[in-house]
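**Q** take a look and give me a structure for this.
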Amino acid sequence: MRAMLLKATGSLDVNPVPLELEEIDDPAPADDEILIRVAACGVCHTELDEIEGRTPPPKLPVVPGHEVVGRVMAAGDKARRFRQGDRVGVGWIHSSDGTDTENISPAFRATGRDVNGGYAELMTVPEVYAAPVPDVFGDVEAAPLMCAGAVGYRSLRLTGLANGETLGLTGFGGSGHLVLQMARHLFPDSPIYVFARSESERRFALELGANWSGDTEESPPAALRAIIDTTPVWKPVLAALECLQPGGRLVINAIRKEDGDRDLLASLRYEDHLWLEKEIKTVANVTHRDLAEFLPLAAQVPLHVQTRTYPLEAANDALNDLRRGHIRGANVLTISS
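**A** The predicted structure follows:
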């Protein structure tokens, strides 16, 4: 099969083409696994962290990609959940211990980091960690839902928001534009305020139903009950904490924060940023139950997924465009029909 392989980690500034297109052996499903012919795979910021060595794969070479949509080609002897030809999706969680806290279990293995992922024509996954894809979505539309959508759903759930309470979204990329639509559906009476760097992102937020959009350092029209931060830096965290109501919660949906502006944390003031029972909660991965709950909700909304497509062999271009911020929504690799 054709696959894009990561053989060494390093900065894209030094090597802007870190992935190599190669023919490798087709994988075979284990007893509890299914074999998937990949139709589309989303390109996620987490891949940048893996490739540039901030969250490096434990073993190289590896096939990246964890926003996977495809069709079941074969199944192991003990796999009975899906039939050949069924359309399924695979997210960041490839396997774990199956508990309610499997997202933070030592047994957690990540698709495209700990095992080969979806930047390839074929991949395998334990059948319990695959999910049926609703018919309302095409393959390309569905791919970003597997991570950006599912982790956005978990983030929104962790806010504890009730209808009518104010919500803020800091950062407006692949996950943010999906969370806005989910929030508008689940909490129709809640004002939603979006903080984003670029004017185009702020216009996009208003198009999707935000009540207000502004720069990260601007003050929203009202204090917020909850804020979801999807940025990789610290400055928006301090700004968000100042915007929270007493008892409000900041949910940080990021796999890491960069060190470049960490010194700003020295300006954190207890009375302005933390007092009056403000809370900070982080999101770590997803469970397979998150994906199973989220996809029917996505179809019910239904979510409008903004995408830009690239062929498999142009995966390096998709990664570099993502890194430079040249996206509106999500980048997706198209692999097979």
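**Q** CA atoms for contacts and neighbours, from now on please.
**A** Will do.
**Q** wait, a strand at residue 280?
**A** Yes: with DSSP: H, G, I helix; E, B strand; the rest coil as the criterion, residue 280 is located in a strand.
**Q** report the beta-bridge partner residues of it.
**A** Note on residue 280: beta-bridge partners by DSSP bridges are residue 250.
**Q** let me see the contact set for it.
**A** With contact taken as C-alpha atoms under 8 Å, 6 or more residues apart in numbering, residue 280 is in contact with 249, 250, 251, 252.
**Q** what is the neighbour count of the second one?
**A** The number of residues packed around residue 250, counting by other C-alpha atoms under 10 Å, is 26.
**Q** do the same with the last one
**A** By other C-alpha under 10 Å, the residues close to residue 252 number 24.
**Q** surely it meets residue 232?
**A** No: the pair residue 252 and residue 232 fails to qualify as a contact (C-alpha atoms under 8 Å) at a distance of 9.6 Å.
**Q** identify the farthest-apart pair in the contacts of residue 280.
**A** Greatest spatial distance among those (C-alpha to C-alpha): 249 and 252, at 9.7 Å.
**Q** in the protein, what spans have low per-residue confidence?
**A** In the predicted model, the chain carries pLDDT under 70 at residues 326, 337.
**Q** what's the single longest strand in it?
**A** Longest strand in the chain by number of residues (criterion: DSSP state E): strand 33-43.
**Q** can you dump the C-alpha coordinates of that strand into PDB?
**A** The C-alpha trace of strand 33-43 is given here as PDB (Å, rounded to 0.1, in the frame of the first residue of the first chain):
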ATOM      1  CA  GLU A  33      -9.400  -5.700  14.800                       C
ATOM      2  CA  ILE A  34     -10.800  -4.500  11.500                       C
ATOM      3  CA  LEU A  35      -8.900  -3.600   8.300                       C
ATOM      4  CA  ILE A  36     -10.000  -0.200   6.900                       C
ATOM      5  CA  ARG A  37      -9.500   1.100   3.400                       C
ATOM      6  CA  VAL A  38      -8.900   4.800   4.100                       C
ATOM      7  CA  ALA A  39     -11.000   7.300   2.100                       C
ATOM      8  CA  ALA A  40     -10.000  10.500   3.900                       C
ATOM      9  CA  CYS A  41      -7.800  11.600   6.800                       C
ATOM     10  CA  GLY A  42      -7.900  15.000   8.500                       C
ATOM     11  CA  VAL A  43      -4.700  16.900   9.200                       C
END
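**Q** what about residue 309, which SS state?
**A** Criterion first, three-state DSSP; result for residue 309: strand.
**Q** what's the burial count for it?
**A** Residue 309 has 18 neighbours, counted by other C-alpha under 10 Å.
**Q** please apply the same query to residue 316.
**A** 18.
**Q** can I assume it sits in a helix?
**A** Yes: checked against three-state DSSP, residue 316 lies within a helix.
**Q** next, count neighbours for the residue found closest to it once you drop the neighbours it is linked to in the chain.
**A** Nearest residue to residue 316 in three dimensions, chain neighbours excluded: residue 17, at 5.4 Å (C-alpha to C-alpha, 6 or more residues apart in numbering). Residue 17: 15 surrounding residues under other C-alpha under 10 Å.
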